[in-house]
Every structure is written in structure tokens, then in C-alpha cells.
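Student: For reference, the sequence and a predicted model appear below.
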Amino acid sequence: MQSVLSAIPVDLCKASRTPCTAGNLTFVHGVRLTSSNAAFGGLSGLVMLPNADSRTDMLLATTDQGWWVTISVRPDAESSIEMVPLNDESGDSVVGRRTTNGAPLWDAEGLTRIPGGDLLVSFEHYHRIWRYNRVGGPATSIRVDLALADACVAGTNTGVEALQMLNQTHLLCICEL
């Protein structure tokens, strides 16, 4: 699903003529994203994608509604957005689907790239982490579902909120309780 994305520049340092910094961090570029697509929004995980075109930054996000969102951001041109449904292990879209217990299948939260380039996505409500070898492809469970359910259950909006690869073999999962 291709949509027009409006990327309005945000200048956090407008009043200053010097680089905007916070400690060792320097603000480089900011945009306010809007889209005509009603499904756009609720961005959760966010990773940079490798891109041969150095003039375009490629960002990949997941949404609370079960979508992959690929965003090309170019300061000198109109940005674009592509939305593709997250799929289950059979390759079927999770958008709008629920488990037999009524838990939403679509509520994607954490996103990280692992060594080799595959992507891990965590989900709330129906606790799991799925591995994807490409955007739009089928999921593969990494078989931590029961451990996540035991560790991350405390209410109705719980689960792994954030993921981050720490090194080649260690994955950090942060639960929302």
C-alpha cells in the first residue's frame, strides 16, 4: 500500500545559530510525519535500513495495528511511505485478527535487526517474538512465547515493549507491566 507522506522539517534549534546539543548528542535532522492513509500511525519499533542511495534515509517501523512501515526521508525531496501487513507463520496478515481468546494478534511493539539482517518483532497481549527474513514475508517463532507470558503479564496492555540486540548472541527484552 503506497501512500503520500508529508514530512515537515522540525528545527529544534531554530533560535540558536550553533549546533543543538545535549551532552555528547547533536540534533541532526527532524521531521513531523503525517499521511493521508488512515492506517498510518502508532509507530512502535524503529530501525535504520541499509541503503545504497546515501541521499535517502530509510527507516523501518512497526505499528500498533500490525503493519510494517518503510519510510524514505529525503531533506531535498518529497518523502514516501510504504505500508505492508505483518504476517503470521502461515504468511497471512495479522491486521484485524484475534486469537480464540480474543487477544489481538496485531499489536506489534519492539523491533530490532539481528546479525545476518533478519528482523525480530515483539507483540503485546498475545506474547511472542517473531523473526522475519524480509518485510512482507512469513514469520518464524523464536519459541520464547511461554517465558514471555510468564515474565510480562500484569494487566491488559502488557508484553515486550522494546527489543535490542546487545551483541551477536544477547537480546534485551523490556516488558511493559
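Tutor: Ah, there it is. Computed from a predicted model, the values in this text were never measured in an experiment. Numbering: from 1, shown residues only.

Student: mind listing what Thr21 touches?
Tutor: By CB atoms under 8 Å, 6 or more residues apart in numbering, the contact list for Thr21 reads Phe27. Quick note: C-beta positions are derived from backbone N, CA and C, even for glycine.

Student: Now do it against Val28, distance only.
Tutor: Using CB to CB, to the nearest Å, Thr21 is found at 11 Å from Val28.

Student: per-residue confidence at the residue nearest to Ile114 when sequence neighbours are not counted?
Tutor: Spatial nearest neighbour of Ile114, excluding adjacent residues (CB to CB, 6 or more residues apart in numbering): Met165 at 5.4 Å. Note for Met165: predicted pLDDT of 90.

Student: So what pairs up with Met165 in the strands?
Tutor: Leu171 (DSSP bridges).

Student: Wait, it touches Leu111, no?
Tutor: No - if you go by CB atoms under 8 Å, Met165 and Leu111 don't touch, sitting 10.9 Å apart.

Student: Of the two, which one has the most company?
Tutor: Legend: neighbour count by other CB atoms under 10 Å for Met165 and Leu111, higher for Leu111 (22 against 14).

Student: mind pulling up the phi and psi values for the residue nearest to that one when sequence neighbours are not counted?
Tutor: Leaving aside its chain neighbours, Leu111 sits nearest to Gly45 (2.3 Å; criterion: CB to CB, 6+ apart). With angles defined as degrees, to the nearest 10, Gly45 sits at phi -60, psi 150.
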